[in-house]
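[1] sequence first, predicted coordinates after that:
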Amino acid sequence: MSMYGRDPWGGPLEIHATDSATDDERSRNLQELDRGALDETQQSWLLGAGEQKKNKKTYVDLGCIIVSRKLFIWTLGTLAVFAFLSAFITLIVKTVPRHHHKPPPPDNYTIALHKALLFFNAQKSGKLPRHNNVSWRGNSCLHDGKDDGVPPVIKDLVGGYYDAGDAIKFNFPMSFSLTMLSWSVIEYSGKYQAAGELGHVKDIIKWGTDYLLKNFNSTADTITQLGMQVGSGDTSQGSATPNDHYCWMRPEDIDYDRPTQTCTTCSDLAAEMAAALAAASIVFKDNRAYSQKLVHGATTLFKFSRDQRGRYSPNGKEASVFYNSTSYWDEFVWGGAWMYFATGNSSYLKLATTPRLAKHAGAFWGGPDYGVLSWDNKLTGAQVLLSRLRLFLSPGFPYEDILTTFHNQTGIVMCSYLPMFTSFNRTRGGLIQLNHGRPQPLQYVVNAAFLAALYSDYLDAADTPGWYCGPNFFSTDVLRDFAKTQIDYILGKNPRKMSYVVGFGNHYPKHVHHRGASIPKNKVKYNCKGGWKWRDSSKPNPHTIVGAMVAGPDKHDHFHDVRTNYNYTEPTLAGNAGLVAALVALSGDKTTGIDKNTLFSAVPPMFPTPPPPPAPWKP
């Protein structure tokens with residue numbers, strides 16, 4: 001046998017008889033194979049042409065694979081149905097009205113905030129804006145400042161706000177009210193925005209600051225006099241001199257003279273007006289021209305307050321009766337702090353942190369009214385404001401010692417608000433007696449509630465869980481709870497179940513001591529004495545002065561809803577400003593917190609920026 005006699009692939013090269021079979025025979029032999037043991041691909045190339053033609057309707061060649069025709073059609077049908085259902089569902093989703101989840105209802109503090117701001121609309125003097133939203137008010141006192149006794153420098157004093165239930169414009173409490181409102185906006189602009197009231201409260205502030213700028217030569221760098229009051233409340237002369245206390249008239253109907261009182265030595269008033277303009281300049285920092293106008297006016301006023309020393313009260317008998325100022329040292333600290341934040345000028349911070357000034361203001365001693373923020377005493381507010389500076393900027397030397405003292409004193413004041421301490425009594429209903437049982441307590445309570453809630457937010461923002469009262473540690477929630485209990489009392493959680501904010505709830509004072517609200521707007525002009533019948537009437541006021549916080553109950557939680565008793569039923573600008581500040585601090589979600597940076601927008605960096613590193617050395 002030849003060495004090549006066998007097929008190298010394993011088969012012999014010889015041709016046997018069986019190998020000579022015809023093609024037809026081989027085809028028949030292949031058909032006898034077990035086709036069930038072959039896969040579809042094998043079958044496809046093993047089957048002859050006639051067999052493939054026979055199974056043409058059974059399989060589909062997709063190029064890469066061959067699939068069953070039945071499976072292919074089923075898959076296409078499924079995809080078509082799925083596409084149709086998807087399109088149909090999408091059409092339904094887009095065309096059927098959606099049922100959105102309703103946002104949670106506003107909390108009581110937000111509801112009360114809407115109403116409390118409306119009180120300022122009801123107190124506006126002058127030509128009212130078109131959308132003032134108080135239907136029973138109109139233009140009034142359009143000749144203020146034009147009487148012959150006023151020096152030429154002040155001729156237009158139209159505008160501003162009436163102080164309370166009368167029609168007098170007292171610049172001292174009005175300025176304090178504007179400062180408080182501006183402070184609340186600076187800290188809680190996000191909450192005002194969430195409540196839909198940011199534009200409204202800014203309009204309220206601007207209405208007041210526009211008026212304050214009219215009370216002196218705001219374009220000058222130096223002034224020698226300042227407007228302090230428009231209108232008169234002296235009733236000692238009886239009917240011989242009709243005025244804003246003797247007469248009971250709607251402001252729109254006033255026809256008697258409204259004298260303007262000015263002062264030449266009024267450090268407290270000038271410093272408070274400077275604080276109001278300085279704080280407002282931060283509120284309006286996005287309006288550069290107006291903000292700079294406010295800063296310039298504040299600078300002029302503060303210089304006047306330092307140059308012409310003296311209390312404003314002795315300049316007018318009425319000021320000493322209605323809004324007597326006990327000193328001007330607290331206004332120097334308070335005004336100096338606001339001037340620093342508005343200008344970034346460190347000379348104001350140096351003044352506000354002068355130990356001698358703080359000593360005169362009473363920062364290092366107690367007393368029955370220590371810790372009570374009011375239109376007369378701003379020391380507590382100034383200490384909280386400067387504690388903020390230490391918490392967030394920590395300016396260090398040479399301010400650290402006095403700022404630490406202010407910070408510690410702020411902690412002591414916060415301790416005095418807590419019920420476990422005896423600095424202040426409480427009524428059986430739980431109202432803190434910051435004015436020791438004297439009338440008109442609520443204006444002091446709302447200021448304390450604002451400071452407590454604000455300081456709580458300061459500590460939270462500084463990642464500080466609380467503070468110490470002696471050896472005892474209290475969390476920030478304790479301060480917030482104090483603020484809530486006091487505001488809740490005012491809103492109706494008290495023994496009488498009465499809301500002391502008019503228009504809030506179902507049970508509130510109906511005989512508010514307020515001229516405009518108590519006289520109907522019926523096209524009848526009641527003269528000076530003609531309105532007395534409305535003052536003395538036992539019927540409820542024909543107009544609801546929505547949002548007005550009345551003076552409040554006595555130390556026994558008793559309240560008399562009597563129009564003639566102003567100690568119970570008269571609202572004031574300063575009282576409502578504190579109420580608004582406290583309400584916005586407590587409103588909404590606690591996680592919103594304060595705006596840490598806006599107050600410092602004009603303050604330069606405390607420490608110089610280090611120089612860039614030198615360029616790398618090159619040979």
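    Received the coordinates, thanks.
[2] name the helices or strands packed onto the longest helix along the chain?
    Counting by DSSP state H, the longest helix found in the chain is helix 69-95. Where contact means 3 or more Cβ pairs under 8 Å, 6 or more residues apart in numbering; DSSP states H and E, helix 69-95 is packed against strand 59-61. Backbone N, C-alpha and C define where each C-beta goes, glycine included.
[3] for the record, mean pLDDT for the strand it packs on?
    The pLDDT scores in strand 59-61 average 63.
[4] quick one: mean pLDDT for the longest helix of the chain?
    pLDDT averaged over helix 69-95 gives 76.
[5] which elements pack onto whichever helix or strand comes after it?
    Next in sequence after helix 69-95, counting helices and strands by DSSP states H and E, comes helix 108-122. On a contact count with 3+ Cβ pairs under 8 Å, 6+ apart, helix 108-122 meets helix 171-195, helix 198-213, helix 573-586.
[6] so which residues of the stretch 301-450 of the chain form helices?
    Counting by DSSP state H, counting those that start in this stretch, the stretch 301-450 of the chain has helices at residues 317-322, 329-343, 346-352, 355-361, 379-392, 400-417, 442-461.
[7] and the fourth one, how far from the chain's centre?
    Counting by Cα atoms, centre = their mean, to the nearest Å, helix 355-361 is centred 32 Å from the centre of its parent chain.
[8] from the contact counts, what lies against that helix?
    helix 329-343, helix 400-417.
[9] and with 6 Å instead?
    Helix 355-361 is packed against helix 329-343, with contacts defined by 3 or more Cβ pairs under 6 Å, 6 or more residues apart in numbering; DSSP states H and E.
[10] can you count the residues close to Ala83?
    10 (other Cβ atoms under 10 Å).
[11] again with Tyr370
    Going by other Cβ under 10 Å, the residues that sit close to Tyr370 add up to 17.
[12] related to what we said a few turns ago, so which of the helices and strands packed on helix 108-122 gets nearest Ile223?
    helix 198-213 (11.9 Å; Cβ to Cβ).
[13] give me the distance from the closest one to the chain's centre.
    On Cα atoms, centre = their mean, the centre of helix 198-213 falls 15 Å from that of its chain.
[14] and for stretch 436-452?
    In terms of Cα atoms, centre = their mean, the gap separating the centre of stretch 436-452 from the centre of its chain is 20 Å.
[15] now it - C-alpha only, PDB.
    Output of stretch 436-452 as PDB, limited to C-alpha atoms (Å, rounded to 0.1, in the frame of the first residue of the first chain):
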ATOM      1  CA  HIS A 436     -44.200  94.700  86.300                       C
ATOM      2  CA  GLY A 437     -48.000  94.800  86.200                       C
ATOM      3  CA  ARG A 438     -48.300  98.300  84.700                       C
ATOM      4  CA  PRO A 439     -50.800  98.900  81.900                       C
ATOM      5  CA  GLN A 440     -50.200  98.100  78.200                       C
ATOM      6  CA  PRO A 441     -48.000  95.000  78.700                       C
ATOM      7  CA  LEU A 442     -48.200  93.400  75.200                       C
ATOM      8  CA  GLN A 443     -45.800  95.800  73.400                       C
ATOM      9  CA  TYR A 444     -43.000  94.600  75.700                       C
ATOM     10  CA  VAL A 445     -43.900  91.000  75.500                       C
ATOM     11  CA  VAL A 446     -43.800  90.800  71.700                       C
ATOM     12  CA  ASN A 447     -40.300  92.400  71.700                       C
ATOM     13  CA  ALA A 448     -39.000  89.800  74.100                       C
ATOM     14  CA  ALA A 449     -40.600  87.000  72.000                       C
ATOM     15  CA  PHE A 450     -38.800  88.400  69.000                       C
ATOM     16  CA  LEU A 451     -35.400  88.600  70.700                       C
ATOM     17  CA  ALA A 452     -35.800  85.100  72.200                       C
END
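[16] quick check: buried residues in it?
    440-452 (16 or more other Cβ atoms under 10 Å).
[17] which of those residues sits closest to Asp557?
    Of all these, Asp557 sits closest to Pro441, with 10.7 Å by Cβ to Cβ.
[18] what stretches of the stretch 501-619 of the chain score poorly on pLDDT?
    Applying pLDDT under 70 to the stretch 501-619 of the chain flags the ranges 608-609.
[19] ok, the buried residues of stretch 436-452 vs Cys415, which is closest?
    Among the buried residues of stretch 436-452, and counting by Cβ to Cβ, the member closest to Cys415 is Ala452, at 10.8 Å.
[20] still on that earlier bit, could you dump the buried residues of stretch 436-452 to a markdown table with pLDDT and distance to Thr343?
    Below are the buried residues of stretch 436-452 laid out as a markdown table (pLDDT from 0 to 100; distance: Cβ to Cβ, whole Å):
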| residue | pLDDT | distance to Thr343 |
| --- | --- | --- |
| Gln440 | 97 | 35 |
| Pro441 | 98 | 36 |
| Leu442 | 98 | 34 |
| Gln443 | 98 | 30 |
| Tyr444 | 98 | 31 |
| Val445 | 98 | 33 |
| Val446 | 98 | 29 |
| Asn447 | 98 | 26 |
| Ala448 | 98 | 29 |
| Ala449 | 98 | 30 |
| Phe450 | 98 | 25 |
| Leu451 | 98 | 24 |
| Ala452 | 98 | 29 |
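[21] please produce CSV containing those residues, extended by distance to Lys529.
    Below are these laid out as CSV (distance: Cβ to Cβ, whole Å):
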residue, distance to Lys529
Gln440, 27
Pro441, 33
Leu442, 31
Gln443, 31
Tyr444, 35
Val445, 36
Val446, 35
Asn447, 37
Ala448, 41
Ala449, 41
Phe450, 41
Leu451, 44
Ala452, 46
